[in-house]
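# Test case, fold it:
(chains A and B)
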Amino acid sequence: MSEPGLNTDQVSGAVADRIAGVVLLLMAVGAWWYSHTFPAGFGQVVGPGAFPRLVSVPMGLFAAYLVIRPGVNQRWPQRAALLRQGAALLLLGIYAGVLKLLGFLPASLVCVVLLIRLFGATWRASLVCGALLTVSLYLLFEFALGMPLPNMPGLDW
Amino acid sequence: MDILAFLAQGFAVALEPQHLFLALVGCAVGTLIGALPGLGPVNGVALMIPLTFNFGLAPTAALILLVSIYYGCMYGGRISSILLNIPGDEPAVMTTLDGYPMALKGRGGEALGLSGVASFVGATVATIGLTLFAPLLVGFAIRFGPAEYFALFVLAFATIGGVTSGSLVKSFLAACLGLLLGTVGIDSVSSVPRYTFGWYELYDGIDFIVALVGLFAISECLVFLEDIRGSNKPTLRVGSAIPGIRSAWKCAPTIGRSSFIGFVAGVLPGAGAALGSFLSYTLERRWLGRRGSFGQGDPRGVAAPEAGNNAAAGGSLIPMLSLGIPGSGTTAILLALLLSMNITPGPLLFTQQPDMVWGLVAALFIGNVMLLVLNIPLVGLFAKVLQAPGWFLMPMVVMVAFVGVYSLSNSAFDLYMMLAFGVLGYVLRKLEMPAVPVVLGLLLGGQMEYNLRRAMSLSGGDWSILWNSGITVGIYAFAVTLIVAGMVYGWMIRQRR
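Modelled structure (predicted):
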């Protein structure tokens, strides 16, 4: 039950809500405009563009309302937190890209160790827990649950 | 008594050894996940869905497993509410009000035991209600045509979050965003690609399981990264859960009243468990007046929201199963599971797949008993999970999310999509815009559009078919009433401060 009125975790959402409102408004207008390019099939009463248009109208209206009358937000992250989040996302993005290439074990090992480190553990704890987590997840998924994970190249068993 | 025969049949299905085993595993795993600080029922169930798919279980078995995980997560969630004052989800907020003070007084075990019994009673009352009332609603809904269904979807979106969350406009915006994202992919009727911008990976549309895991699990990790130091709280001594049973007996009238209130709140579309726990707590507080010491660790302050919340969770299965309209965030996720197993909830489900429906209902009964049996003795063990440090838990959550999603399709694209939804979920949370309507839009958009187009082809392009029958007008009127009630209710709360 979120309670109206600002509490300690909340800030005025004037700026962020307006930005979000503008982005969503542009999305609604774009969706409306783009939906006209969908070719209507022969003999269809309602073509593929109708429903997106039907949704984009209230969406645009609500977004415009948000621009005019923004509400409250939760406190936005500080610079240090943003850097940590960005680093985590970058790490996970790279991990997603190399997972198939390198195989599950080596890719995950590096990723998990760095991730645990990023979440504030010491290097020692990261190495030990990262290795433990990777190996136990591998054993769990590959053998106990029977889900094939990508193997290291050249090591297909 | 058709119902009893069906239910007996359902128990026969649910009591098969494999199903019993799955229920046990689901309850245990669910409790563990729910107890992890920062992971509530919605996140927990969302995280487990992709894994469940990979077991290759039959639909009934998968559903039983997921429902048990759901119930387990609900139970586990209250462990962190009571011992750490961190509610896993919205309905659990009310439990912290008296649960944490009880834990501070060294009565944490009692509070956990009591909440277990109260939840058990609430959930059982709701499941009995489900058994009795769902067929009635089905009998009514069987006459629905596409226009009525379209109205029903409008009702679902008009009411979701309308009562519980802060801003009505933001919930509506989130729902529109979900609906729009739901149209991405090849249109099933005309085979035209929509909003794919030439990316063939998008032709199948946005997989809502990928979206779900991103929105709930990945965004949770981003929230955690904001403050990696301040999140560890000292854990309190738990003690035995046995006194909880005795205090549950003393709270019996409270539990009874709250179960009923919660059930009614749960059946209302869009209200769900949060309203159930809120209403039962506040009404019980008013009912007892000075006789209670609410807010300072009154056992009844734990019993009321817990019974109410679980009764509401059970009650919200009624509109979900019989109409296909989810009443809360978690039922939305259960609906996601059903749809992805090609089971479309609605009146036809009861006539075409009675085995599944009644097997599910029986599984709910069994899951309840199992949770109670499992939790009273093991409460200390589950509470240990809370002591695991966040720097270990969160990477584990990320890894389980990655492996689960990757094993669905073996595509890196889905992983990127999951990360993108993680960022979206995080931004939505900062904006105080609920994420559940986005999921609902993704989930229900296809069916909503399908029914709209069927209605239009029936009427030959005459839009008035959408509001031409008594039932559709009734549904729209009901939607408007609920929205207005939600606004008045919000206004009243603001006046009181």
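# And the one residue sitting closest to the centre of chain A, its phi and psi?
Geometric centre of chain A, nearest residue: A:Leu89, 8.9 Å, by Cα atoms, centre = their mean. Phi and psi for A:Leu89, reported as degrees, to the nearest 10, are phi -70, psi -40.
# Can you name the residues that contact it?
A:Leu89 sits next to B:222, B:419, B:422-423 when contact means Cβ atoms under 8 Å, 6 or more residues apart in numbering or on different chains. Every C-beta, even on glycine, is put in place using the N, C-alpha and C of the backbone.
# Sketch out the strands for chain A, chain order is fine.
Under the criterion DSSP state E, chain A contains strands at A:10-12, A:72-74.
# quick one on the thing from earlier: near chain A, list only the ones from the contacts of A:Leu89.
Filtering the contacts of A:Leu89 for neighbours of chain A using Cβ under 8 Å from any Cβ of the partner chain leaves B:222, B:419, B:422-423.
# of all the strands of chain A, which lies closest to chain B?
Closest of the strands of chain A to chain B is strand A:72-74, at 5.1 Å (criterion: Cβ to the nearest Cβ).
# How about residues contacting that closest one?
Contacts to strand A:72-74, defined as Cβ under 8 Å, 6+ apart, come from residues A:6, A:9-13, A:16-17, B:166, B:429-432.
# Around residue 18, count how many other residues there are.
Going with chain A. Residues near A:Arg18, counting by other Cβ atoms under 10 Å in any protein chain shown, number 15.
# sorry, should have said chain B
12.
# Which residue comes closest to it once chain neighbours are left out?
Nearest in space to B:Gln18, with sequence neighbours left out and distances taken as Cβ to Cβ, 6 or more residues apart in numbering or on different chains, is B:Ala61 at 6.4 Å.
# measure that neighbour to B:Leu225 for me?
Separation of B:Ala61 from B:Leu225 (Cβ to Cβ, to the nearest Å): 37 Å.
# Name the residue in the two with the higher neighbour count.
B:Leu225 (25 against 21).
# and that one, what pLDDT?
pLDDT for B:Leu225: 87.
# related to what we said a few turns ago, could you pull up phi and psi at the residue nearest to B:Gln18?
Phi and psi for B:Ala61, reported as degrees, to the nearest 10, are phi -60, psi -40.
# thinking it is in contact with B:His19, fair?
Yes. The pair B:Ala61 and B:His19 qualifies as a contact (Cβ atoms under 8 Å) at a distance of 6.1 Å.
# could you pull out the strands for the stretch 101-250 of chain B?
Secondary structure of the stretch 101-250 of chain B (DSSP state E, counting those that start in this stretch): strands at B:185-186, B:193-194.
# can I get those strands in CSV with mean pLDDT?
Formatted as CSV, the strands of the stretch 101-250 of chain B follow (pLDDT from 0 to 100):
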stretch, mean pLDDT
strand B:185-186, 86
strand B:193-194, 86
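# quick one: which of the contacts of strand A:72-74 is nearest B:Leu177?
When the contacts of strand A:72-74 are compared for distance to B:Leu177 (Cβ to Cβ), B:Leu431 wins out at 11.4 Å.
# residues near that closest one, how many?
Neighbours around B:Leu431, by other Cβ under 10 Å: 25.
# and the stretch 251-400 of chain B, which of its residues are near chain A?
So the stretch 251-400 of chain B meets chain A at B:274, B:278, B:389-392, B:394-396, B:398-400 (Cβ under 8 Å from any Cβ).
# from those residues, which two are the most distant?
Among these, B:Phe278 and B:Met399 lie farthest apart (Cβ to Cβ), at 35.3 Å.
# The two - which one has more neighbours?
More crowded of B:Phe278 and B:Met399, by other Cβ under 10 Å: B:Phe278, with 25 against 20.
# In terms of secondary structure, what does the strand or helix carrying B:Pro253 contact?
According to DSSP states H and E, B:Pro253 maps onto helix B:252-267. Counting contacts by 3 or more Cβ pairs under 8 Å, 6 or more residues apart in numbering or on different chains; DSSP states H and E, helix B:252-267 packs against helix B:108-141, helix B:272-288, helix B:299-315, helix B:317-323.
# returning to what we had before: quick one, which of the contacts of strand A:72-74 are buried?
Among the contacts of strand A:72-74, the ones that count as buried by 16 or more other Cβ atoms under 10 Å in any protein chain shown are A:10, A:13, A:16-17, B:166, B:429-432.
# Show me the two of those residues that sit farthest apart.
A:Ala16 and B:Gly166 (14.5 Å).
# before we move on, the earlier item: scan the ones next to chain A among the contacts of A:Leu89 and report the most crowded one.
Neighbour counts for the ones next to chain A among the contacts of A:Leu89 (other Cβ under 10 Å) peak at B:Gly422, which has 27 neighbours.
# Spit out the contact partners of that residue.
Taking Cβ under 8 Å, 6+ apart, one finds A:89, B:214-215, B:217-219, B:221-222 in contact with B:Gly422.
# Would you mark the buried spots in the helix or strand containing B:Ala485?
For B:Ala485, the element it lies in under DSSP H and E is helix B:470-496. For helix B:470-496, the neighbour count (16+ other Cβ under 10 Å) marks B:471-472, B:475-476, B:478-479, B:482-483, B:486, B:490 as buried.
# is stretch B:441-454 up against chain A anywhere?
Yes. Applying Cβ under 8 Å from any Cβ, one finds stretch B:441-454 in contact with chain A at B:445, B:448-449, B:452-453.
# Redo those residues as a markdown table? Include distance to B:Thr52 and neighbour count.
Converted to a markdown table, the residues of stretch B:441-454 next to chain A look like this (distance: Cβ to Cβ, whole Å; neighbours: other Cβ atoms under 10 Å in any protein chain shown):
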| residue | distance to B:Thr52 | neighbour count |
| --- | --- | --- |
| B:Gly445 | 23 | 25 |
| B:Met448 | 26 | 23 |
| B:Glu449 | 28 | 25 |
| B:Leu452 | 32 | 23 |
| B:Arg453 | 32 | 23 |
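# What does the pLDDT read for residue 89?
Answering for chain A, as no chain was given. Confidence score, pLDDT, at A:Leu89: 95.
# Please refer instead to chain B.
68.
# ditto for A:Ala131
For A:Ala131, the pLDDT comes out at 92.
# helices or strands next to the least confident helix or strand in chain A by mean pLDDT in the packing?
Every helix and strand in chain A was compared by mean pLDDT, DSSP states H and E; the lowest is strand A:10-12, with a mean of 77. Applying 3+ Cβ pairs under 8 Å, 6+ apart, one finds that strand A:10-12 contacts strand A:72-74.
# Spell out which strands sit alongside the strand it packs on in the sheet and which way each one runs.
Taking DSSP bridges as the criterion, strand A:72-74 sits next to strand A:10-12 (antiparallel) in its sheet.
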